[in-house]
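> Provided below for reference: sequence and predicted model.
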Amino acid sequence: KDTLLGFTVSLPVGTLLVSYIDHDDDSALRQDARQGAVGYLYPLSPRTNLYTAYGHINNRNGAAFRVGTATGTGTGTTGFNLGVRHVF
C-alpha cells in the first residue's frame, strides 16, 4: 500500500512544495519505505520559473527503492533537482 500526502504553499514570492510518501509492504518481508521531499518554484515571468527540489528515501528491511527519473531507474536514495521551466 502506498500513501502520498502533498501540498503547496503560496509565498510572497514563489511556491513551496512538500510531499511525503509511505510504502507499506504487506508481504512477510515487510520491506517498507518512506520518502520526504521539499521543493521551491521561483517565478521569473508568468510563464517561466526556476525550480529546485530535494528528496530522500528511507528504505527498511532490505527494501531497495531508488530516486530516479522518467527515463532512468536511479542509483541512490537521495535526489536533487535544479532547473528552468517554460510553459508554451
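Thanks, I have the structure now.

> hey, what's the residue positioned nearest the centre of the chain bridged with?
The chain has residue 37 as the residue nearest its centroid, 4.4 Å off, counting by CA atoms, centre = their mean. Counting by DSSP bridges, residue 37 forms beta bridges with residue 19, residue 55.

> per-residue pLDDT, it?
Looking at residue 37, its pLDDT reads 96.

> contacting residues for it?
Shown in contact with residue 37 (CB atoms under 8 Å, 6 or more residues apart in numbering): 17-20, 53-56. To be clear about C-beta, it is placed using only N, CA and C from the backbone, and glycine gets the same treatment.

> separate out the buried members of the residues you listed.
Buried by 16 or more other CB atoms under 10 Å: 17, 19, 53, 55, out of the contacts of residue 37.

> now those as CSV including pLDDT and distance to residue 85?
CSV is the format used below for these (pLDDT from 0 to 100; distance: CB to CB, whole Å):
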residue, pLDDT, distance to residue 85
17, 97, 13
19, 96, 18
53, 96, 12
55, 93, 17
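
> so which of the residues you listed is the closest to residue 2?
Among the buried ones among the contacts of residue 37, residue 19 lies closest to residue 2 (CB to CB), at 12.1 Å.

> I'd say that closest one and residue 3 touch.
No. With contact defined as CB atoms under 8 Å, residue 19 does not count as touching residue 3 (11.1 Å).

> please enumerate the shared neighbours of these two.
Counting by CB under 8 Å, 6+ apart, nothing touches both residue 19 and residue 3.

> now the contacts of residue 37 as JSON lines including distance to residue 30?
Converted to JSON lines, the contacts of residue 37 look like this (distance: CB to CB, whole Å):
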{"residue": "17", "distance to residue 30": "30"}
{"residue": "18", "distance to residue 30": "27"}
{"residue": "19", "distance to residue 30": "23"}
{"residue": "20", "distance to residue 30": "19"}
{"residue": "53", "distance to residue 30": "29"}
{"residue": "54", "distance to residue 30": "27"}
{"residue": "55", "distance to residue 30": "23"}
{"residue": "56", "distance to residue 30": "20"}
